[in-house]
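Engineer: Dropping a prediction and its sequence here:
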Amino acid sequence: MSPENQNVFAGAFVDRSGERRKDADWLADAVASDDSRFVPVWKDKFLVGDEPAGTVLLEHHQLEHAAAEHELIFLGIFRDNPTFAIKIDDDTPFRELGEFRELRYLGTVLPPDEANLIAHARALVLWHASQVFCGICGSAARPGAAGNTRICINESCGREIFPRVDPAIIVLVENGDRCLLGRQQAWPEGRYSTIAGFVEPGESLEDAVRREVYEETNIRVGNVTYHSSQPWPFPSSLMLGFTAEATTTDIELNDGELDDARWFTRDDLRSEFPKLPFRISIARRLVDGWLGLQDSP
Ligand SMILES: [Zn+2]
């Protein structure tokens, strides 16, 4: 557990046990044991039971009609149980046990350890689906390291492919008693959030903060301070949260990514307008921290 980081989906609740990933004997025993647990992933959704919402973890005997064992992804040890993710392709699997729901919703209702576990599972299942072939020689690639890598099957290549994580910065820019929030056109009416964007090759995180804020709002940023981070497997981002001090104040929407951007006071943010970012997001935590609503970070 990481008490310094309370973002949804964060927290080292799974002992990833990396040394076990290539231990075939241990893995075979673990899969077959009564202690093993399986996170079924169906259409990027997760099986949850009734109130209070809880993730349904399957046992080995419930997997008879599911995928072969080489398609299992070893996530690690969760609550003392070897735990695997398994992609399910059946039409209506396990309906008697609960309902399949989206991760964005589940992040708002699950206990922190279960939210962390299924975010981990989602990221890896999606990554496997996107890496069917080797990007160097074009041959097929098969899962390796108990589903934590993929290996090119072409023996003269044999490339080992590692799961991808895409760093993205997200920043609350302040200027005195105002902070800078923007909105995208597709968002619900009145909703504003902190400035965000992907880190580009050759950039430091601070460089990315300053570039994104300038590109999207024309605001120049001076001091940049790290806040916290959040796994964001939609499909593979890691959100890196910052606060920053503006050195200019004239907003222009330089790159057209935003529909609007404004300075808001704390009183504004406590009123009906704007609508604040969703509670699940690190953006909301940055805003709440600025409002003094929680310890920061
Ligand atoms: Zn290859």
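Structural biologist: Received the coordinates, thanks.
Engineer: What segments of the stretch 101-250 of the chain are helices?
Structural biologist: With DSSP state H, counting those that start in this stretch as the criterion, the stretch 101-250 of the chain has helices at 103-109, 112-130, 205-217.
Engineer: For the last one, name the packing helices and strands.
Structural biologist: Pointing back at helix 205-217 there. Here helix 205-217 touches strand 166-175, strand 178-183, strand 195-198, strand 221-232, strand 237-246, going by 3 or more C-beta pairs under 8 Å, 6 or more residues apart in numbering; DSSP states H and E. (Each C-beta comes from the backbone N, C-alpha and C, glycine too.)
Engineer: now the angle between strand 178-183 and the last one, please.
Structural biologist: It refers to strand 237-246. 140 degrees (axes from the mean of the first three to the mean of the last three C-alpha atoms, to 10 degrees).
Engineer: Extract the CA atoms of the very next helix or strand once past strand 237-246 and return them as CSV.
Structural biologist: On the C-terminal side of strand 237-246, the closest following helix or strand by DSSP states H and E is strand 260-265. Listed in CSV are the C-alpha atoms of strand 260-265, where the atom choice follows Å, rounded to 0.1, in the frame of the first residue of the first chain:
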residue,chain,number,x,y,z
ASP,A,260,-12.6,27.2,-23.8
ALA,A,261,-10.1,28.0,-21.0
ARG,A,262,-10.6,30.5,-18.1
TRP,A,263,-9.2,31.6,-14.8
PHE,A,264,-11.4,30.6,-11.9
THR,A,265,-11.2,31.8,-8.3
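Engineer: and residue 157, what pLDDT?
Structural biologist: As predicted, residue 157 sits at a pLDDT of 98.
Engineer: and the nearest residue to it once chain neighbours are set aside, how many neighbours?
Structural biologist: For residue 157, the nearest residue in space outside its immediate sequence neighbours is residue 137; the separation is 4.3 Å by C-beta to C-beta, 6 or more residues apart in numbering. In terms of burial, residue 137 registers 14 neighbours under the definition other C-beta atoms under 10 Å.
Engineer: so where is the stretch 51-200 of the chain shaky, pLDDT-wise?
Structural biologist: Within the stretch 51-200 of the chain, the ranges that satisfy pLDDT under 70 run 65-70.
Engineer: Quick one: name the residues of it near the ion.
Structural biologist: Taking C-beta under 5 Å from the ion as the criterion, the neighbours of the ion within the stretch 51-200 of the chain are 134, 136, 137, 139, 152, 154, 157, 159.
Engineer: Pretty sure the fourth one sits against residue 133.
Structural biologist: Translated: residue 139. Yes. Here residue 139 lies in contact with residue 133, judged by C-beta atoms under 8 Å, at a distance of 6.7 Å.
Engineer: who's residue 160 bridged to?
Structural biologist: Beta-bridge partners recorded for residue 160 (DSSP bridges): residue 151.
Engineer: Quick check: the residue lying closest to residue 126 once chain neighbours are set aside vs residue 45, distance?
Structural biologist: Ranked by C-beta to C-beta, 6+ apart and with sequence neighbours excluded, the top spatial neighbour of residue 126 is residue 235, at 4.4 Å. To residue 45, residue 235 is 14 Å away according to C-beta to C-beta, to the nearest Å.
Engineer: more neighbours, those two?
Structural biologist: Here residue 235 and residue 45 are set side by side on neighbour count (other C-beta under 10 Å), and the busier one is residue 45, at 18 against 15.
Engineer: residues contacting that one?
Structural biologist: Taking C-beta atoms under 8 Å, 6 or more residues apart in numbering as the definition of contact, the neighbours of residue 45 are 100, 101, 102, 103.
Engineer: Just the buried ones from the residues you listed, in ChimeraX syntax?
Structural biologist: The following ChimeraX command selects only the buried members of those, with burial defined by 16 or more other C-beta atoms under 10 Å:
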select :100,101,103
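Engineer: Could you tell me which of the contacts of residue 45 are located in strands?
Structural biologist: Assignment to strands by DSSP state E places the following of these there: 100, 101, 102.
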